[in-house]
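1. Need a 3D model of the sequence below.
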Amino acid sequence: VYISTGCDLPKTDSCTMTPCIELLWNYKLNLTTDPKFESVAREVCKSTIAEIKECADEPVGKGFLVSCLVDHRGNITEYQCHQYITKMTAIIFSDYRLICGFMDDCKADINLLKCGSIRPGEKDAHSQGEVVACLEKGLVKEAEETDPRIQVSDQCKKAILRVAELSSDDFHLDRHLYFACRDDRERFCENTQAGEGRVYKCLFNHKFEESMSEKCRDALTTRQKLIAQDYKVSYSLAKSCKSDLKKYRCNVENLPRSREARLSYLLMCLESAVHRGKWNSRLAGTLSPSPFSKLCFKGEFPHHGAFLLVLTIRIAEHKGSAGLQTLIQETDPGADYRIDRALNEACESVIQTACKHIRSGDPMILSCLMEHLYTEKMVEDCEHRLLELQYFISRDWKLDTVLYRKCQGDASRLCHTHGWNETSELMPAGAVFSCLYRHAYRTEEQGRRLSRECRAEVQRILHQRAMDVKLDPTLQDKCMIDLGKWCSEKTETGQELECLQDHLDDLVSDCRDVVGNLTELESEDIQIEALLMRACEPIIQTFCHEVADNQIDSGDLMECLIQNKHQKEMNEKCAIGVTHFQLVQMKDFRFSYKFKMACKEDVLKLCPNIKKKVDVVICLSTTVRNDTLQDAKEHRVSLKCRKQLRVEELEMTEDIRLEPELYEACKSDIKNYCQNVPYGNAQIIECLKEIKKQLSTRCHQKVFKLQETEMMDPELDYTLMRVCKQMIKRFCPEADSKNMLQCLKQNKNSEVMDPKCKQMITKRQITQNTDYRLNPVLRKACKADIPKFCQNILNRAKDDTELEGQVISCLKLKYADQRLSPDCEDQIRVIIQESALDYRLDPQLQMHCSDEVGNLCAEEAAAQEQTGQVEECLKVNLLKIKTEMCKKEVLNMLKESKADIFVDPVLHTACALDIKHHCAAIPPGRGRQMSCLMEALEDKRVRLQPECKKRLNDRIEMWSYAAKVAPAEGFSDLAMQVMTSPSKNYILSVITVGICVLFLIGLMCGRITKRVTRELKDR
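-> Predicted coordinates:
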């Protein structure tokens, strides 16, 4: 039973409660204080009370016994007692006024903080939990403010933290959080069993999920801040550390609870106890008199592992950053690492192996250790000590003595300062180093640069800072919220920065600017990414050693790594790192240093307000294409930008993720059809091309557009260029990039052509023949013929979808009728010749005759090399074909073969010698050589080769059948049938006699008609 009253003050105050509510409330209050009730508790929990001394000594009639049993409910083993206490817990926590002593301790604070103004109807019916929540927020606010306006009394603080502690086991007992997070618990922690703080832990883990409600997130944040005030508010922490607290005497009775219970104090005490020996002698002389050390430590100094974490927490609590700054400056471990004994001991083995060439005590020892961070030579303990020290050095570069010595003159000359790392309103902290690194990457044309020595030191520090997010103060300061929100699970080395780059568009403005600037710097000098450089060392030594030796990178090294990403020497870590950087570059064109420098002015002039790299590339490419098509006298895009633009276009074709629009449109299709295909080497794109007919409409359209672009510029076809790389060098070394595929097609049947390249060329031919728009050469040659003869097909066509070879089939028929323009005729002849050898190059034939090919010509279709066997099989089995559309396609093939013997490979092969002997003087085309062979067949004086004679007779029979099945559609068809008919001479003779008879009849009729005199004619 839960109570909701009209007021949140005792009934003695001026507030009226309904009789029923008042009765219930008094009844529950009496349950917790009635000696009889406590006697029942003593009876049910007799053995438990005997075991728990604290509960046995509690006075009678004040409700303390029940409170004590609730506090120790985790240790209760008796079933009846456990059930009883569970029920009592629900009663107690349903109303803050029933919690032992809470009302007495917090009455004044409730009024002061105005936490008692809750009324029915305004908030949740179970609103009494709001009072506790209001007090908790007041306590948290006081802790966060430097000079709190309203302070919670010590007694009430203790009561609030006690209530939070008692509810740490079961989240149902925190009424405010329970009702705020009911839906979220069902959404995220449905299968999490209540008890032992498990639900709290689960909700904390999902705190930054987008679907987490704001009211639940706020309630969880408040509870986390209470844990920082009192570690016991965290059930799992209190339970796990209970024995250790006793063992190491961290529960000091004579200290105020508020100090003893602080999370920072707990961590400090435990770490101090575990590692006491190391810190007794370490920096003791410096720490002992320090007011800051007295503030932070109690008697002994903790181990360095706690030093960083605890001091950071205590700084936040006491605003003691000035004391810490002074402390580190006085010890100055950067000048001689041996001052830090823990570091010296932990790193001794690493120094002896990796840094033995540097004399002992030299400041460069620290740099050497940082260079070997996360390598095989580094040991874990040294790694921890080193990062802890670098954390502080990175926040005060005055501690880096080598940098100070080498760059003091440059700082004065370029940054207008005489005091190192000056801090004032005009010169904020860290401004000098920011100034130095801006000048480190300037070219001579851009103005003054750093000295060689100082530039090397600035680069060294930037490389070290990139090792870990914590070593970059600006990044950690501006991105702390985003790191918690997006990257809480990315704890491995280097993952935090990668995570921030991946979520660049989601970051808050300040963090986005910092990450963007760092990424822009990396694009110029990728060696800042030390972990990536180590992973890529083999490929750098083999392929990129020349650019790697350059003192200023200028983006050449990353470009080299991208170009060699798929070499066999490339390892997985390097490939993943390079690909990640490519994906990050797509977010902003400034992240590609060479592209930015080459095209910065062009982008400002032609593509203003465009930020994403892919959009900039499209904008500039469109401008270049339009200028080229319009034969502009002067290109609007500069030459240096056009060259670099080409590099960017080629790099983007390697991975579909580098083309965001295509990737987004095809995400679901990739998941359905190409799930196990790797992204690199354009394999996903090739997979989508092969199953194009199964793709979703939007993806299909994008793939068609991509293919149209690749056919216009085959160099952008990554797979074709990769597979045919050697053949291009052999056959097309001087070919223009736009004519590359045409050159490969012309050499496709060469004996030295690589089989894999030949197969790839055939794939591209099949694609081209599906739509005339994918064949730029045909499109240009037949520019006038297509609308003239095939307009009806164009009218039915849809944008971005294939015409399945309909236009090309239309042009083939006009080729047979000899009605095409010369240029178009030449191109169609080539297509007919190629498709006559391989039926797959004829989309209409493949579409309409797929069943017939499988049933009648399965063996021919399975042949590894296609030489026209399938087409010949279909011609031979013409009478067996039942499908009308298939029969029509085969008849069209026969019609085309009449026009030119070259389009009938079987007949041409059989009659090659006869053509050479009898028809050598006759030019090919327009059926001339075919007519020559027909005349030779009829001439009994000419002896043709038996195979040629047989094939010709077969063709005559086929044509005769075709003439019956498909009569001539026009005069040209009729003339062609007559010229290729076996009875051609007889037909021509009859036609001649008929014409002569008509002529004679005309003459005779003219004599019979009435004559007209000249005078009448001249009248």
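2. What about residue 45, how many residues nearby?
-> Applying the criterion other CB atoms under 10 Å, we find 23 residues in the vicinity of residue 45. All C-beta spots, glycine's among them, are computed from the backbone N, C-alpha and C.
3. can you check the one 5 residues further on too?
-> One way to gauge burial is a neighbour count; for residue 50, by other CB under 10 Å, it gives 10.
4. Backbone torsions only: list them for it.
-> Taking degrees, to the nearest 10, you get phi -60, psi -30 for the backbone angles of residue 50.
5. Model confidence at the nearest residue to residue 148 once chain neighbours are set aside, what's the number?
-> Across the structure, with CB to CB, 6 or more residues apart in numbering as the measure, the residue nearest residue 148 apart from its sequence neighbours is residue 142 (4.3 Å). The pLDDT attached to residue 142 in the predicted structure is 83.
6. ditto for residue 648
-> The predicted local confidence for residue 648 is 91.
7. Other residues contacting the strand or helix carrying it?
-> Following DSSP states H and E, one finds residue 648 within helix 639-652. Helix 639-652 is contacted from outside by 559, 562, 582, 592, 594-595, 598-599, 601-602, 613-614, 617, 620-621, 624, 635, 637, 658-659, 715-716, 718, using CB atoms under 8 Å, 6 or more residues apart in numbering.
8. CA atoms only for the helix or strand following it, dumped as CSV, please.
-> Once the chain leaves helix 639-652, the next helix or strand it forms, by DSSP H and E, is helix 660-665. C-alpha atoms of helix 660-665 as CSV (Å, rounded to 0.1, in the frame of the first residue of the first chain):
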residue,chain,number,x,y,z
PRO,A,660,27.9,7.7,-48.8
GLU,A,661,24.8,8.2,-51.0
LEU,A,662,25.3,4.8,-52.7
TYR,A,663,26.1,3.1,-49.4
GLU,A,664,23.0,4.5,-47.7
ALA,A,665,20.7,3.6,-50.6
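9. So which bits of helix 660-665 are buried?
-> Neighbour counts using 16 or more other CB atoms under 10 Å place 660, 662, 663, 665 of helix 660-665 among the buried residues.
10. What is it packed up against?
-> Where contact means 3 or more CB pairs under 8 Å, 6 or more residues apart in numbering; DSSP states H and E, helix 660-665 is packed against helix 697-712.
11. follow-up on the earlier one: now, of the contacts of helix 639-652, which are buried?
-> Buried members of those, counted by 16+ other CB under 10 Å: 559, 562, 582, 592, 594-595, 598-599, 602, 613-614, 617, 620-621, 624, 637, 658-659, 715-716, 718.
12. Counting only helices, which of the contacts of helix 639-652 make the cut?
-> Judged by DSSP state H, these include 559, 562, 582, 594-595, 598-599, 601-602, 613-614, 617, 620-621, 624, 718 as members of helices.
13. so which of these comes closest to residue 697?
-> residue 614 (22.2 Å; CB to CB).
14. pLDDT score for that closest one?
-> Per-residue pLDDT puts residue 614 at 90.
15. Now do the contacts for it.
-> Contact partners of residue 614, counting by CB under 8 Å, 6+ apart, are 586, 652, 658, 659, 660, 661.
16. what's the helix or strand for the spatially closest residue to residue 903 that is not a sequence neighbour?
-> Nearest in space to residue 903, with sequence neighbours left out and distances taken as CB to CB, 6+ apart, is residue 832 at 4.3 Å. Secondary structure here is read from DSSP H and E; on that basis residue 832 sits in helix 822-837.
17. what does residue 748 give?
-> Taking DSSP H and E as the criterion, no element holds residue 748; it sits outside all helices and strands.
18. Equivalent analysis for residue 475, please.
-> Counting by DSSP H and E, the secondary-structure element that holds residue 475 is helix 473-486.
19. Using CSV, write out the CA atom coordinates for that helix.
-> Listed next in CSV are the C-alpha coordinates belonging to helix 473-486 (Å, rounded to 0.1, in the frame of the first residue of the first chain):
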residue,chain,number,x,y,z
PRO,A,473,44.2,18.4,-22.4
THR,A,474,42.1,20.4,-24.8
LEU,A,475,40.6,17.3,-26.3
GLN,A,476,39.8,15.7,-22.9
ASP,A,477,38.4,19.0,-21.6
LYS,A,478,36.1,19.7,-24.5
CYS,A,479,35.1,16.1,-25.2
MET,A,480,34.5,14.6,-21.7
ILE,A,481,30.7,14.5,-22.2
ASP,A,482,31.0,13.0,-25.7
LEU,A,483,33.5,10.4,-24.6
GLY,A,484,31.1,9.3,-21.9
LYS,A,485,28.1,9.4,-24.3
TRP,A,486,29.5,7.8,-27.4
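20. ok, and for it, which residues are buried?
-> Of the residues in helix 473-486, those buried under the neighbour-count criterion (16+ other CB under 10 Å) are 473, 474, 475, 476, 478, 479, 482, 483, 485, 486.
21. Can you give me the neighbour number for the spatially closest residue to residue 765 that is not a sequence neighbour?
-> Distances taken as CB to CB, 6+ apart put residue 841 closest to residue 765, at 5.5 Å, once the chain neighbours are dropped. Neighbours of residue 841 under the rule other CB under 10 Å: 23.
22. now for the helix or strand that contains residue 953, which elements pack on it?
-> With the criterion set as DSSP H and E, the secondary-structure element containing residue 953 is helix 946-965. Counting contacts by 3+ CB pairs under 8 Å, 6+ apart, the secondary-structure elements packed against helix 946-965 are helix 884-899, helix 905-910, helix 928-938.
23. so the residue nearest to residue 903 sits right up against residue 816, yeah?
-> No - the pair formed by residue 832 and residue 816 falls short of the contact definition of CB atoms under 8 Å, at 9.0 Å.
24. Between these two, which contacts overlap?
-> Listed as contacting both residue 832 and residue 816 by CB under 8 Å, 6+ apart are residue 896.
25. Distance from the longest helix seen in the chain to the middle of the chain?
-> Scanning the chain for the longest helix, with DSSP H as the assignment, gives helix 984-1008. Counting by CA atoms, centre = their mean, to the nearest Å, helix 984-1008 is centred 83 Å from the centre of its parent chain.
26. so what does that helix touch, helix or strand wise?
-> helix 971-979.
27. Let's test this: mean pLDDT of the helix it packs on, rounded?
-> Averaged across helix 971-979, pLDDT comes to 57.
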